[in-house]
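**Q** with the input below, show me the fold.
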Amino acid sequence: MPTQAKAAVIDEITERFQKSSAAVLTEYRGLTVAQLTQLRRSLGAGSSYAVVKNTLTKRAADSVGHTDLAPLLNGPTAIAFIEGDVVEAAKAIRDFARANPLLVVKGGVVEGRTVSPAEVTALADVEPREVLLAKLAGAMKGNLTKAAGLFQAPLSQVARLAAALQEKKESAEGPAAPAADTAAADTTPDTADAADAAASTD
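**A** Sure, this is the predicted structure:
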């Protein structure tokens, strides 16, 4: 392959590594073109599955800091570059490998970290995002219920305090005072009592 063509391939692989949230390296020996096409389609929108040359891929991987991939780049290699949902793509690869044992997962990179074949499988076993969100919402609801219970105590104390002040006010009023003095008589002493009571509850 001419040097210029090799450089173009390296640039293309480098760009795929940079744009992808994950890249899963596989060995596809013995699989047909139709089977590889099926796998490519199952990865979802935005993802791709490409047969690569190991020597050029090593150079591309090195250029983006994925030097740990070098030992995986031997034998027939194809890479699933995932730009969509990583978990769904991992499930697609796992399910395809179960139905087509000739596909061998070598490992890969997820969010910039090198992962083993077992970690790719573990990623495939993660529950769907909707399920995880539902569980999170359930946990939050439980915590909010507890928080509401905590808020009830101060509120009930305030209610009891208000009732006590009202009762004290009614017992202290006695005979009706002149209308002009009622507002002042009713407000000032009880406000002071309320402040004292609130201070004592603190």
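**Q** spit out the contact partners of Leu72.
**A** Leu25, Lys106, Gly107, Gly108 (C-beta atoms under 8 Å, 6 or more residues apart in numbering). Just so you know, the C-beta spots here come from the backbone N, C-alpha and C atoms, and that holds for glycine as well.
**Q** ok, residues contacting the helix or strand encompassing Val87?
**A** Taking DSSP states H and E as the definition, one finds Val87 inside helix 86-99. Residues outside helix 86-99 that contact it (C-beta under 8 Å, 6+ apart) are 21-22, 24, 26, 38-39, 42-44, 47, 80, 82, 103-105, 110-111, 120-121, 123-124, 126, 128-129.
**Q** among those, which ones are in strands?
**A** Ala22, Val24, Thr26, Ala80, Ile82, Val104, Val105, Val110 (DSSP state E).
**Q** any of the residues you listed buried? List them.
**A** Buried members of the ones in strands among the contacts of helix 86-99, scored by 16 or more other C-beta atoms under 10 Å, are Ala22, Val24, Thr26, Ala80, Ile82, Val105, Val110.
**Q** ok, now how distant is Gln38 from Lys53?
**A** Distance of Gln38 to Lys53, computed by C-beta to C-beta, to the nearest Å: 23 Å.
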